[in-house]
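1. give me a model of this one.
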Amino acid sequence: MATADQNVSATPSSLSWLGEFLKNELSPYRGRTALVARMVIAATLVMVIGMVFRIPYTFQGAIYALIVSRESSQATFQSSASILALTGIGGAYLLASAWFVISIPTLHLLWVIASFFLGFYAISTIKNFAASSIFAITICIGVPLWDRHLSAETNVEDTLWLCLVSAIGVVVTVGVEILFSRIKPGEDLVAGVADRLAAVQSLLVCFAKNCPADRLTQANVVRLAMVGTSMLRRILQRSAYPPNYAEQMGAVIALTGRLVDLAANLRGPTHLSGDDREQIRLLGENVGSVRSALLAEGTPNAFHVAQGNVPRTIPLVAEMDKTVQLMKEVLRGSQSLSVFAPQPSSGDPPPSFFVRDAFTNVAHIQFAVKGCLTAGLCYIIYNGVDWPGISTAVTTCFLTALSTVGSSRQKQVLRISGALVGGFLVSMGSQVFILPHLDSIAGFTILFVVVTAFASWFMTSSPRLSYFGVQIAVAFCLIHLNSFAIEPSLSIARDRVVGILLGLIMMWLVFDQLWGASAVSDMKRAFLSAVRLLAQFAREPISRDYNVAAERSYSLREAINNNFDGVRASADGVLFEFGPSRQQDLAWRSRLRQWQPQLRLLFIAEITLWKYRARLPGFELPHTLGAAQRAFDDELARTLEAIADRIEGRPSQVGLFEESLARLERAVSTYEASEPQPGTADRFQAFLSLHRRIESLTSSLQKAIGNAV
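-> As a prediction, this is how the structure comes out:
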C-alpha cells in the first residue's frame, strides 16, 4: 500500500525530512491547546502548593500531574478513586513490609528487588493507567527512602509525605479536569476521527469538481497521515469504554488511518471524465455519511454503492472505496443481529481492575522481570559506588516503562535526546542564566510555566515524539523541585542528570539489547498472535458453563485487541530503524497495515458469531444448524491457522472454506422447508449474512496473503 510515510523513508537522513516531521508532530490539532493548558495549570498548582507549604517530594506530584491520562475527562473522573486507593495501598505496603526487613541486610535487598518487580507488574497488569503509574512511582521513590541511615520515625514521615503529595496531585488534576469539562465538554476520540474524515472528504470534493486541491487541504491530509492514529489508539486504550465499543472504535480508527494514508498519496489528474467525477463525489458522500454517523452516535445512512468501474486515472480511489465500505460494515454490521439479544446476560461484563490475562499471560511476568532487572542494576550501582545523588536512575526506569513508544531505536533516541535537552540545556541552563536573577516564587512560577508548556506540547504529540517531552519534564522537575530554594550548586543537577542517563542506559541495555527485537519483528509477531488467537476464538466456547465461557471470551478479545494495538505501535517504529533490510521491513509494514483492517472486521463479526455458539437468548439454533455452524467454525479456525503458517513461511494446507458455507446454507434451506415457522426467515437471513461476510473476509485475506508471501 502506498502511504505518505513511504515518502518519509525515502530520505531518512535529510534535515528537510526532520523539519517536516517536527512540523507535522507539533502542529496544533483539535483540543491540543486546551489539553496543554490543563496539564500546565495542574502541574503549576501542585508546584505552588508544594513550595508554599514546603511539602517534600513535590516533584512527584508535578510529574504525575503531567503524565496522567487527560484525553478523556470521563476516564479521569472514574479513575480518581482508584488512584487514591492505590496511593494508600502503596504507602501501606511500604510501611508494613519495611518493618520486617529493615534490620536484615540480605532480606532488605530481596525486599527491594521484590518491590521493584511488584511496581513493574502493576504497570503491565492494572488497567487504569493513572493508578498503575502512581502506584509504581510511589514504590520506586519510597523504597530507597528506607536505605538511609536515619531514624525509623523520619522514614515513616517521609513515606507519608510521599503519599500526601501523590494525593495532592490527584485532587488538583481531577479539579482542573472538572473545571475544563464544564467549560468545554466533548469527546476527543470521536472528534479526532471526525477531523480526519472531514479532511479526506474535503480533498475528494476538490477532485470531484475536477479542480486541483488547494495547498492547505492537501497539506492538512499529509499532516494527518504523518501524525497517524497513535494518539487516538492511546485514548481508546486508556479510556474505560465497554469492550464492544472499544473493539468497534478500534476498527474504525485503524480504517481511518488507512483512509488518510491513501488520501495523502492522491494526486489530481489534469482531466477527469464525468463518470469519474461522479464516482469520487459518491465516495466523498460516503465518507461524510460515516463522519455524520460517528458525531451523531448512530449508524450511517444508506451508502451509495457505485456501479461500474472506478476511476482508472486515480488508482487509489478503488482502495479508498473498499476502506469506506469496511467502515460501513464495522458501524452497521452488528445492528441487525443485536436485536436478537435483548437479555442483559449477553452484554458487556463489569469493568475489571486488572487486565483479564493478568495472571495467565507470561508477557506480564517477562515485562516485570525486565523492569526489575533494570531498576535493580541501577540500585546496586549507585549503592555500590556510594553515590546516592544518582538515585534518580531508579525513578527514570519506572517513568520510562510508562512510555508506549514503539521501536528500540525510537525509544533510545527520544530518551537520550530528551534527557540531554531537559537536563543540561533547560535545567542546568536555567540554573546558570535565569535562576540567579529570580528572588521570589513568582519569578520561578513563570519559568516553570514556560518549561512545562514547552514539554507538554511535545508530550501531546503522537507516541513517536511524546516521550521526548516527558523526559524534559522529568529532568526539570527532578532537578528544581527537590528543595524549597534555588539550588546554587551545579553538582546537584549534575548528579540527577547522571542518574537519569544511567537509568536510560540500563533501560536500553535490558529492554532493547538483551530482550530487544526489531520493530518489524514485533509487528509480525503481534499480527501472527492476533490471527492465531482469532482461530482459537472461533472454536469458543469450550466450557458449557456460561460464566467460565464468557470470562474466557473477554480474555481472548482483550488479548486480540492488544495485539492489534501492538501492530500499529510497532508500525510507527519501523520508520526509525535503518539497515540493509530496511526496504524489506517497510514492505512488510505496508502489507501488515493493509491486512489488519480486514482482520479487525473479521474479529468483530466473530464476536457476534460467538453468541450463536454460546446459545445466548435470541441466538439459539436448532440442533441440525448448530452442527453445521460448528463445522463452519472448525474450517474457519483451520483457515486462519493456515494463514498464520503461510506468513511464517511454513507449509500450509488450503482448505475448502467455501464448501463449509455452502453446507451451512443448505442446512438452513432444509430446515426452513421442513419446519417453516413465522418470523424466522429474517432471523436466518441475518445468520447467513453474518457467515457470508466472514467467509468473504477470510477468503479475501487468504488470497491477499497468498499472493504476497
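
2. okay, CA-based contacts and neighbour counts for the rest of this
-> Will do.

3. now residue 422. Nearest residue, chain neighbours left out?
-> residue 472 (3.9 Å; CA to CA, 6 or more residues apart in numbering).

4. do the same with residue 554
-> In space, residue 554 is closest to residue 356, 7.5 Å off (CA to CA, 6+ apart).

5. show me the contacts for the one you found.
-> 554-555, 558 (CA atoms under 8 Å, 6 or more residues apart in numbering).

6. and the residue nearest to residue 422, what element?
-> helix 466-480 (DSSP states H and E).

7. got JSON lines for the contacts of residue 356, with secondary structure too?
-> Below are these laid out as JSON lines (DSSP: H, G, I helix; E, B strand; the rest coil):
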{"residue": "554", "secondary structure": "helix"}
{"residue": "555", "secondary structure": "helix"}
{"residue": "558", "secondary structure": "helix"}
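
8. quick one: name whatever helix or strand follows the strand or helix carrying residue 115.
-> Using DSSP H and E, residue 115 falls within helix 105-125. Downstream of helix 105-125, the next assigned helix or strand under DSSP H and E is helix 129-145.

9. end-to-end on stretch 416-434?
-> Distance across stretch 416-434, first residue to last, is 24 Å (CA to CA, to the nearest Å).

10. other residues contacting the helix holding residue 115?
-> 98, 101-102, 129, 132-133, 135-137, 139-140, 143, 354-355, 358, 364-365, 367-369, 371-372, 375-376, 398, 401-402.

11. now do it, average pLDDT.
-> If you average the pLDDT over helix 105-125, you get 91.

12. what do you get for stretch 145-164?
-> 88.

13. so which bits of that stretch are buried?
-> Of all the residues in stretch 145-164, those buried under the rule 16 or more other CA atoms under 10 Å are 145-147, 155-156, 158-164.

14. which other residues reach it?
-> So stretch 145-164 is contacted by 55-57, 87-88, 91, 94-95, 98, 102, 138, 142 (CA under 8 Å, 6+ apart).

15. do the same with stretch 537-555
-> Residues outside stretch 537-555 that contact it (CA under 8 Å, 6+ apart) are 356-357, 556, 606, 610, 613-614, 633-634, 636-637.

16. secondary structure class for the residue nearest to residue 554?
-> Judged by three-state DSSP, the three-state class of residue 356 is coil.

17. who's the closest spatial neighbour of residue 45, skipping the chain neighbours?
-> residue 172 (7.2 Å).

18. shouldn't the one you found be in contact with residue 44?
-> No. Using CA atoms under 8 Å, residue 172 is not in contact with residue 44, being 9.9 Å away.

19. re the thing from before, so the residue nearest to residue 422 is in contact with residue 455, correct?
-> Yes. Taking contacts as CA under 8 Å, residue 472 lies within contact range of residue 455: 6.0 Å.

20. who has more neighbours, those two?
-> residue 472 (29 against 26; other CA atoms under 10 Å).

21. so how far is residue 380 from residue 147?
-> Taken as CA to CA, the span from residue 147 to residue 380 is 12 Å.

22. tally of neighbours for residue 360?
-> Using other CA under 10 Å, the number of residues around residue 360 comes to 10.

23. so it: helix, strand or coil?
-> coil.

24. by mean pLDDT, which helix or strand of the protein comes out lowest?
-> Least confident helix or strand, the chain: helix 335-338 with a mean of 37, by mean pLDDT, DSSP states H and E.

25. quick revisit: out of the contacts of residue 356, who's nearest residue 461?
-> residue 558 (26.0 Å; CA to CA).

26. who touches that closest one in this structure?
-> So residue 558 contacts 243, 355-356 (CA under 8 Å, 6+ apart).

27. tell me the one of those residues nearest residue 431?
-> residue 355 (43.5 Å).

28. was I right about that closest one contacting residue 132?
-> No. If you go by CA under 8 Å, residue 355 and residue 132 don't touch, sitting 11.8 Å apart.

29. what's the distance between residue 673 and residue 667?
-> 10 Å.

30. higher neighbour count, these two?
-> residue 667 (18 against 10).

31. what's the closest non-adjacent residue to the more buried one?
-> Distances taken as CA to CA, 6+ apart put residue 625 closest to residue 667, at 6.2 Å, once the chain neighbours are dropped.

32. now the one you found: which helix or strand?
-> Going by DSSP H and E, residue 625 is part of helix 623-648.

33. how about residues contacting the helix or strand just after that helix?
-> Past helix 623-648, further along toward the C-terminus, the next helix or strand under DSSP H and E is helix 657-674. With contacts defined as CA under 8 Å, 6+ apart, helix 657-674 is touched by 624-625, 628-629, 631-632, 635-636, 639, 681, 684, 688, 691-692, 695, 699.

34. and the angle from helix 657-674 to helix 623-648?
-> Interaxial angle of helix 657-674 relative to helix 623-648 (axes from the mean of the first three to the mean of the last three CA atoms, to 10 degrees): 170 degrees.

35. so how far is the helix or strand following helix 657-674 from its chain's centroid?
-> Counting by DSSP H and E, the element after helix 657-674 in chain order, helix or strand, is helix 680-708. Taking CA atoms, centre = their mean, to the nearest Å, the mean C-alpha location of helix 680-708 is offset from the chain mean by 29 Å.

36. over to stretch 36-55?
-> 28 Å.

37. that stretch - what's its average pLDDT?
-> Stretch 36-55 comes out at a mean pLDDT of 93.

38. next one: stretch 670-684
-> 70.

39. again, but for stretch 581-600
-> 86.

40. who touches it?
-> Contacts of stretch 581-600 (CA under 8 Å, 6+ apart): 1-2, 251, 254-255, 258, 326, 520, 523-524, 527, 531, 564, 567-568, 571, 574-575, 697, 701, 704, 708.

41. for that stretch, which positions count as buried?
-> In stretch 581-600, counting by 16+ other CA under 10 Å, buried: 582, 585-586, 588-600.
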